[in-house]
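Asker: sequence below, structure please.
(one chain, ligands or ions: 1)
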Amino acid sequence: MKALMTSCTRVFLVSWRQSRTKALVAVVLMLSGAAAMPLTALALGRFTEAVIAGDGRAAVLAGVAVAVGLAAGLNLAHFAHIAYFELSELSLLELDQRLIASATDSRGLRAHERADHADKLDLVLRDLSRFNTAVHALLGIAGMVLAMGITAVLLAGLNPLLLVLLPLAVVPLLTSHRAERVLDRAKVRAAEPTRLATSLFKLTTDAGTASELRVFRMEQELLRRHRLLWGEAARGLAGAHAGAGLLRAAGQVVFAAAYAGGVLLVVRDAVQGRSTVGDVVLSITLAAQVNQQVASTVSSVADLQRLAATFGRLDELTAVEAAPAEPEDQRPPERLRHGIDLVDVTFAYTEDANPVLRDVTVHLPAGSTVAIVGENGAGKTTLVKLLCGFYRPSAGQLLVDGVDLDRIPASAWRARLAAGFQDAVRWELTAREAVGVGDLAALASTRADEAVLRALDRARADNLLARLDDGLDTQLGKSYGDGVELSGGQWQKLALGRAFMREQPLLLVLDEPTSAMDAEAEHALFERYIEQARRSAARSGAITLLVSHRFSTVRSADLILVVAGGRLVEAGGHDDLMRSDGLYAELRRLQARAYADSADGDRN
Ligand SMILES: Nc1ncnc2c1ncn2[C@@H]1O[C@H](COP(=O)(O)OP(=O)(O)OP(=O)(O)O)[C@@H](O)[C@H]1O
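Answerer: From the prediction side, this is the model:
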């Protein structure tokens with residue numbers, strides 16, 4: 001009951017916020033339509049009596065009342081629909097936006113990677129789409145309560161015993177509530193197989209997977225898995241629907257029996273001369289209406305109860321993250337003077353998982369270019385994510401000019417970052433926007449083109465434009481009829497341009513943004529970035545962080561961090577590391593041989 005009340009209040013408040021006038025109009029129309037039905041029954045009873053008594057005037061008046069009542073009862077709900085349709089759509093937009101805001105505002109990425117979070121999101125997205133039925137359900141319930149009130153007064157006038165019908169109407173409501181809980185539990189159990197089946201469906205129909213799917217002949221296997229998962233989800237849901245249907249039917253049967261008893265009671269009164277034929281007509285019409293009112297209230301209550309569970313999940317998804325242990329009372333510095341320190345940093349993706357980074361302690365000096373190298377899975381990207389503030393260390397500290405990163409609001413820190421990631425997004429926008437979103441203020445300015453061209457130049461990606469017929473105006477992406485599809489390397493060049501849009505970041509992260517290029521091209525590009533970073537570092541103290549699993553491409557960096565198995569095993573300049581002849585020197589030699597390119601022919 002509490003859940004139902006909460007759901008009703010929230011649906012009403014969300015709608016009220018969208019438009020008070022429309023909400024009022026919808027309420028008044030719905031209530032008038034609902035009240036018209038029992039009043040029509042009353043008029044019908046009077047009409048019958050007037051006809052039997054031969055009172056023409058009274059019969060005409062009652063007949064008109066019946067006609068008006070029927071017209072109101074049947075049509076006002078349709079007019080109400082016009083008012084609340086827009087309210088429903090606007091309310092849905094508000095809820096969608098709340099979800100989007102919480103997804104994009106969250107301090108880190110941790111929630112995005114949890115399976116239970118994904119399941120909840122899947123359920124909320126499916127159920128929220130039914131929000132428009134909820135507004136209808138709420139107005140319907142309000143109308144039914146009013147109609148039942150009027151019905152109760154009329155029934156009590158006929159025979160007080162008939163009032164028993166009203167509490168008995170609660171039985172189907174209770175069984176419906178129970179049925180909804182059975183269904184909700186089944187939906188939670190089915191959420192994971194449903195999500196996995198949906199993701200398999202996407203895999204089999206997505207253009208990005210089409211080539212591998214065919215080469216590896218995975219179609220049948222994926223179809224088999226999709227069938228199994230969908231079957232598992234469907235079996236659980238079918239059982240729950242059957243159980244819920246039986247529960248609802250049981251409630252309705254109890255009420256139907258009471259309804260039949262009520263009608264017999266009034267017929268007996270009429271036979272014994274204690275009531276009129278008009279009363280019999282009234283009671284039969286009212287009882288039929290109560291039956292119909294109960295049936296539609298049951299389905300409205302079910303809709304709102306379902307929504308109560310959805311609201312609960314929505315709240316969990318959008319819950320404000322736990323307040324950080326430290327107050328977020330610091331701003332990022334205007335320019336870095338000292339640099340960034342990692343002090344005994346240990347990190348695990350989940351509480352029960354093994355740490356993927358252990359006891360990392362290192363000083364990244366202001367104005368330096370730092371390279372992180374290590375083999376696949378060593379922990380390089382994880383280190384970058386910590387530096388971007390996407391995760392908090394499980395232990396240890398990250399200090400920006402001596403200030404704990406936890407004390408700097410995430411949004412303020414991110415505003416001073418620039419980044420190009422390995423799995424860069426293929427923004428299907430115009431070329432200008434795909435680069436310009438790296439600095440929205442610059443993109444919105446009158447000098448957007450200049451800023452975009454400068455960024456592409458700094459990223460050494462300006463040659464890309466020569467291949468685009470409409471230059472910066474070229475629409476990118478195959479989702480558009482006239483969109484130009486780019487190669488993997490070309491998308492990466494755009495992403496590099498995006499990373500260079502912000503002119504004064506404190507930290508520029510380039511996490512394998514050149515993986516689609518060969519080692520030689522990556523080396524040339526990194527050399528230029530390092531040279532460029534050195535020139536501008538004096539101004540902002542910015543740190544440029546280059547990540548690569550190719551040891552041959554980073555030799556000019558001021559500081560090279562060698563990560564292996566989640567530990568920082570070596571740190572220093574190229575010459576020092578080669579001299580100490582440790583892991584860096586060994587892997588560099590191995591890779592140089594494997595790539596057979598040796599960027600500088602240096603095999604030591
Ligand atoms: N979101 C995640 N949840 C759980 N474990 C993760 C997650 N991301 C990475 N890992 C694990 O953390 C370890 C380090 O991964 P990371 O991506 O940092 O390596 P990397 O050095 O950047 O590798 P690569 O060169 O292949 O990009 C790996 O064992 C990986 O399986």
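Asker: I'd like the next helix or strand past the host helix or strand of G157.
Answerer: Using DSSP states H and E, G157 maps to helix 131-158. Remark: after helix 131-158, the chain's next helix or strand is helix 165-168, criterion DSSP H and E.
Asker: and the pLDDT at A115?
Answerer: In this model, A115 is scored at 68, pLDDT.
Asker: what's the neighbour count on R467?
Answerer: Residue neighbour count, defined by other Cβ atoms under 10 Å, stands at 11 for R467. Glycine gets a C-beta too; all of them are placed from N, C-alpha and C.
Asker: next: L429.
Answerer: Neighbour tally, L429, other Cβ under 10 Å: 17.
Asker: touching, it and L476? I think so.
Answerer: Yes. Counting by Cβ atoms under 8 Å, L429 touches L476, with 6.4 Å between them.
Asker: pretty sure L42 contacts S283?
Answerer: No. L42 is beyond contact range of S283, at 10.9 Å (criterion: Cβ under 8 Å).
Asker: quick check: phi and psi at R567.
Answerer: Phi and psi for R567, reported as degrees, to the nearest 10, are phi -120, psi 150.
Asker: which helix or strand contains the closest residue to it other than its chain neighbours?
Answerer: When the adjacent residues along the chain are set aside, R567 lies closest to R358, with 5.5 Å between them (Cβ to Cβ, 6 or more residues apart in numbering). Per DSSP H and E, R358 falls inside strand 357-365.
Asker: what mean pLDDT does that strand get?
Answerer: 95.
Asker: flag every buried residue along that strand.
Answerer: By 16 or more other Cβ atoms under 10 Å, the buried positions in strand 357-365 come out as L357, R358, V360, V362, L364, P365.
Asker: CSV for those, including distance to the ligand?
Answerer: Shown next, in CSV, are those (distance: Cβ to the nearest ligand atom, whole Å):
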residue, distance to the ligand
L357, 8
R358, 12
V360, 12
V362, 16
L364, 17
P365, 23
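Asker: so which pair among the residues you listed is furthest apart in space?
Answerer: Spanning the widest gap among the buried residues of strand 357-365 are R358 and P365, at 23.1 Å by Cβ to Cβ.
Asker: ok, residues contacting the lowest-mean-pLDDT helix or strand in the chain?
Answerer: Ranked by mean pLDDT, DSSP states H and E, the helix or strand of the chain with the weakest confidence is helix 207-215, at a mean of 73. Residues outside helix 207-215 that contact it (Cβ atoms under 8 Å, 6 or more residues apart in numbering) are L203, T204, M218, E219, L222, K478.
Asker: keep only those of these that are in strands.
Answerer: For the contacts of helix 207-215, not one is inside strands, with DSSP state E as the criterion.
Asker: buried among those residues? Need that as a selection in ChimeraX.
Answerer: The buried residues among these can be selected in ChimeraX (16+ other Cβ under 10 Å) with this line:
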select :203
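Asker: and the contacts of helix 207-215, which of them are in helices?
Answerer: Members of those lying in helices (criterion: DSSP state H): L203, T204, E219, L222.
Asker: compute the inter-axis angle for the helix or strand hosting V301 and helix 131-158.
Answerer: Applying DSSP H and E as the criterion places V301 in helix 277-318. Calculated by axes from the mean of the first three to the mean of the last three Cα atoms, to 10 degrees, helix 277-318 forms an angle of 150 degrees with helix 131-158.
Asker: would you mind pulling up the elements that helix 277-318 packs against?
Answerer: Helix 277-318 sits against helix 2-18, helix 20-53, helix 56-105, helix 115-128, helix 131-158, helix 165-168, helix 170-205, helix 219-271, with contacts defined as 3 or more Cβ pairs under 8 Å, 6 or more residues apart in numbering; DSSP states H and E.
Asker: do the helix or strand just after it and the ligand meet?
Answerer: Downstream of helix 277-318, the next assigned helix or strand under DSSP H and E is strand 339-347. No. Shown here: strand 339-347 not in contact with the ligand (Cβ under 6 Å from any ligand atom), separated by at least 9.0 Å.
Asker: the residue nearest the centre of the chain and L162: what is the separation?
Answerer: Note on the chain: the residue nearest the mean C-alpha position is L99, at 5.0 Å, using Cα atoms, centre = their mean. For L99, the distance to L162 (Cβ to Cβ, to the nearest Å) stands at 48 Å.
Asker: then D279?
Answerer: According to Cβ to Cβ, D279 and L162 sit 11 Å apart.
Asker: any idea how far the residue nearest to K22 when sequence neighbours are not counted is from G140?
Answerer: Nearest non-adjacent residue to K22, counting by Cβ to Cβ, 6+ apart: A83, 4.8 Å away. Per Cβ to Cβ, A83 is found 14 Å from G140.
Asker: residues from the stretch 351-500 of the chain in reach of the ligand?
Answerer: V356, G374, N376, G377, A378, G379, K380, T381, T382.
Asker: put the buried members of these into a PyMOL selection.
Answerer: Entered in PyMOL, the line below selects the buried ones among these, by 16+ other Cβ under 10 Å:
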select buried, resi 356+374+378+379+380+381+382
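Asker: pull the CA atoms of stretch 184-200 into CSV?
Answerer: Listed next in CSV are the C-alpha coordinates belonging to stretch 184-200 (Å, rounded to 0.1, in the frame of the first residue of the first chain):
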residue,chain,number,x,y,z
ASP,A,184,8.6,-8.4,-10.2
ARG,A,185,10.7,-11.1,-8.5
ALA,A,186,10.6,-13.1,-11.8
LYS,A,187,11.6,-10.0,-13.7
VAL,A,188,14.6,-9.4,-11.5
ARG,A,189,15.6,-13.1,-12.0
ALA,A,190,15.2,-12.8,-15.7
ALA,A,191,17.0,-9.5,-16.0
GLU,A,192,20.5,-11.0,-16.5
PRO,A,193,19.6,-13.6,-19.1
THR,A,194,17.5,-11.0,-20.9
ARG,A,195,20.3,-8.5,-20.9
LEU,A,196,22.8,-11.1,-22.1
ALA,A,197,20.4,-12.2,-24.8
THR,A,198,19.9,-8.6,-25.9
SER,A,199,23.6,-8.1,-26.1
LEU,A,200,24.0,-11.3,-28.2
